[in-house]
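Visitor: Next comes the sequence, and after it the predicted model I'd like to discuss.
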Amino acid sequence: MGTKLYVGQVLRYPREKSTTEPQVQGYDNFHFVTHSPGKPFALLEAGINPMAKVDGGRRPAVLIRSSPWKAGSEETPWRDVFDLDNGHIRYFGDHKHSSAGDPGNSPGNAALLAAFDLHCAPTAAERASAPPLLVFRSVSRNKQPKGHVEFCGVGIIERAERVVQWSGSGTDRRTFTNYVYDLALLDLTAENEQVEWDWITARRTHATSCSEALELAPSAWKQWVDNGSAALPKLRRRVARSRITKVRDQRPSSSDTAGRLQAVYRRFDDNKHAFEALAAAVAARALRGSGTAYHQGWLTRRSGDGGADFVGRLDIGTGPAATSLVVLGQAKCIKPDGLISAEQIARVVARLRRGWIGVYVTTGSFSEAAQLEMVEDQYPIVLINGATLIHELRAIASEDHGGDLKACVDHLIEQHSPTITNRRPEEILLS
């Protein structure tokens, strides 16, 4: 395998171009990382840098550089917008007030508009030939605004529009027409936020077909080629997605564990209130496992629980540095292949006050949409899925019941069920 670019990587872009030095002044050497044997240098001399087409056919890539330190200047009167956490960049083209001719004919705009046509192409074959956008932005290092760039990811043009912009100031203030592009950055989670430069080298090689080069592309790029723009909402880079657990990973990985989870579900399917006692015990063990002190409180009554099934208290710190949090628990005994939705989690969150956290325990799984909403909205809630539920129960059974899961469940329900009461959750802070 060759060299790689990774999101957030800061590279030195020296004037003296060398492909033999891995690093320059303590930073990865841009020209070393982007070297394709026998091919010209990959460049970032301009804002928009299209690589030469292969025998007049496909363009291997377009390298884009944004220079925030120039924003608002006479040379660069526009301000690009970078929202890397949500996979969005708004990037202005290279037509200026001093440029002659149509704004779509300036070198950078012409290359991006041609790329846009392929990014919107209706067939997978056309999209396979489309040039990826490799996006960089200049960053300051050692008090110098020039000479260092940060790799921001692989982009696709979602839309392009003509805009009227201001240039100059005072009596010299005037307008001109340019293009602005909305770019979608692709999710590179499957590649650990990295891009193999061999992919670009393959696209630069005449003997390598588009389909052969595609084999080296990131997973999200392949999916976009197959499915087009309709797939972008799922393929867009979202930092929150790195904290999402796929549904298949929330379910038991072995038939034995799946059978045990199914047995727990069948036992409590007709006695959901008893499952709340089990959920409270599992939540207590899970929270204590994080190294904090957890005090188990009570179950709420069947009616009028206000969206909570059990109450507990989390004690953090000691002495003057100590504080306590109210824990509001929700228990849902559903089929092991069932999903808890974002709306169901939101109902618990709506009950939380300042200084409270939530715990949601289920025999099923949490939908990815529910988890994404929880992460993006920073909900203070702990999610315990079916696989985790069985893991905790088996640990309790191993410690106290010789591994007998049924005996463990019987003991938790019959001997350790918290008191059922109508007390207000905040009263747990007084006990």
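Guide: Ah, there it is. Because the structure is a prediction, the values reported are computed rather than measured. Residues are numbered from 1 along each chain as shown.

Visitor: list the buried ones in the helix or strand encompassing Val348?
Guide: Applying DSSP states H and E as the criterion places Val348 in helix 342-349. For helix 342-349, burial by neighbour count (16 or more other C-beta atoms under 10 Å) applies to Ala342, Gln344, Ile345, Val348, Val349. C-beta: built from backbone N, CA, C; applies to glycine.

Visitor: swap in stretch 135-155?
Guide: For stretch 135-155, a neighbour-count test (16+ other C-beta under 10 Å) marks 135-139, 141, 147-155 as buried.

Visitor: and of these, the nearest to His411?
Guide: Nearest to His411 among these: Gly153, at 52.4 Å, using C-beta to C-beta.

Visitor: quick one, what contacts that closest one?
Guide: Contacts for Gly153 (C-beta atoms under 8 Å, 6 or more residues apart in numbering) come out as Val7, Leu84, Gly87, Val135, Leu185, Leu186, Leu188, Arg237.

Visitor: isn't the fifth one right next to Phe82, touching?
Guide: I take that to be Leu185. No - contact criterion C-beta atoms under 8 Å: Leu185 and Phe82 do not qualify, at 9.4 Å.

Visitor: So for those two, which residues contact both of them?
Guide: Ile89, Cys152.

Visitor: Neighbour count for those two, which is higher?
Guide: Between Leu185 and Phe82, Leu185 has the larger neighbour count (other C-beta atoms under 10 Å), namely 26 against 17.

Visitor: quick one: contacts for the more buried one?
Guide: Each residue near Leu185 by C-beta under 8 Å, 6+ apart is listed here: Leu84, Gly87, His88, Ile89, Val135, Cys152, Gly153, Val154, Gly155, Arg236, Arg237.

Visitor: Could you measure from Gln330 over to Tyr91?
Guide: Plainly put, Gln330 is 44 Å away from Tyr91 if you go by C-beta to C-beta, to the nearest Å.

Visitor: Tell me which residues touch the closest residue to Glu426 other than its chain neighbours, please.
Guide: Closest residue to Glu426 in three dimensions, ignoring its sequence neighbours and counting by C-beta to C-beta, 6 or more residues apart in numbering: Val326, at 6.0 Å. Contacts here follow C-beta under 8 Å, 6+ apart; on that basis Val326 touches Val311, Gly312, Arg313, Arg353, Gly355, Trp356, Ile357, Pro425, Glu426, Ile428, Leu429.

Visitor: Check which residues of the host helix or strand of Val326 are buried.
Guide: Using DSSP H and E, Val326 maps to strand 323-332. The neighbour-count check on strand 323-332 (16+ other C-beta under 10 Å) flags Ser324, Leu325, Val326, Val327, Leu328, Gly329, Gln330, Ala331, Lys332 as buried.

Visitor: again, but for stretch 116-123
Guide: Phe116, Leu118, His119, Cys120, Ala121.

Visitor: likewise stretch 262-282?
Guide: In stretch 262-282, counting by 16+ other C-beta under 10 Å, buried: 262, 264-265, 267-268, 273-282.

Visitor: same question, stretch 210-221
Guide: Cys210, Ala213, Leu214, Leu216, Ala217, Pro218, Ala220, Trp221.

Visitor: Between the residues you listed, which sits nearest Arg251?
Guide: Scanning the buried residues of stretch 210-221 for proximity to Arg251, where the rule is C-beta to C-beta, the winner is Ala220, at 24.5 Å.
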